[in-house]
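Student: need coordinates for the following:
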Amino acid sequence: MITKKVQIKDTVKVHYTGKLEDQTVFDSSEGSEPLEFTIGSGQVIPGFENGIIGMKVGDKRKITIAADNAYGARRDELVVEVPKGNFPDNVTPAIGQQLRIRQANDDLINVTVTAINEDSVTLDANHQLAGKTLIFETELIEIA
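Tutor: Numbers count the residues shown, from 1 in each chain. Down below sits the predicted model:
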């Protein structure tokens, strides 16, 4: 009997634990349903998708993904200082707070408050995992 291996266009279910290089866990499917996605569809970061290709049901694999195959490098131009007066009266910025702001072209983007001083607030639009190497411990549960 030939055992099927994951290839492009397969829909798969994967259990995973994502860690940083210092072993800090940033995400996990433990205790919940496995992650389901289609290989080649762009639903997950490229390095994760590529790491699943070739696995068989029941296989476990550790996948190390450099920043350029994950969320990209940190970009300094995505960090901006905004006058406190630009915030609506009902918003009190706090460090670590996640906000959605509307850009001049009407697009909404996610930002994180990274610093607050007397007159301004620093906002970072980089993904929180940008610039980081990611390590995933994976187990292939199903190939649909």
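Student: next, count neighbours for residue 3.
Tutor: For residue 3, the neighbour count with other CB atoms under 10 Å is 9. No exception for glycine: its C-beta is placed from N, CA and C like everyone else's.
Student: so how far is residue 104 from it?
Tutor: Distance of residue 3 to residue 104, given as CB to CB, to the nearest Å: 54 Å.
Student: could you do residue 14 as well?
Tutor: Distance, residue 14 to residue 104, by CB to CB: 39 Å.
Student: the two: who's more crowded?
Tutor: Using other CB under 10 Å as the criterion, residue 14 and residue 104 rank with residue 14 on top: 22 against 5.
Student: I'd assumed residue 113 was in contact with residue 122.
Tutor: Yes: judged on CB atoms under 8 Å, residue 122 makes contact with residue 113 at a distance of 7.2 Å.
Student: check which helices and strands the helix or strand of the chain with the lowest mean pLDDT sits against.
Tutor: Counting by mean pLDDT, DSSP states H and E, the chain has its least confident helix or strand at strand 98-102, which shows a mean of 91. Using 3 or more CB pairs under 8 Å, 6 or more residues apart in numbering; DSSP states H and E as the contact definition, the elements that strand 98-102 packs against are strand 108-116.
Student: the inter-axis angle of the strand it packs on versus strand 98-102?
Tutor: If you take axes from the mean of the first three to the mean of the last three CA atoms, to 10 degrees, strand 108-116 sits at 130 degrees to strand 98-102.
Student: what packs against strand 108-116?
Tutor: Here strand 108-116 touches strand 98-102, strand 120-124, going by 3+ CB pairs under 8 Å, 6+ apart.
Student: residues in contact with that strand: which ones?
Tutor: Under the contact criterion CB atoms under 8 Å, 6 or more residues apart in numbering, strand 108-116 has outside partners 79, 93-103, 121-125, 128.
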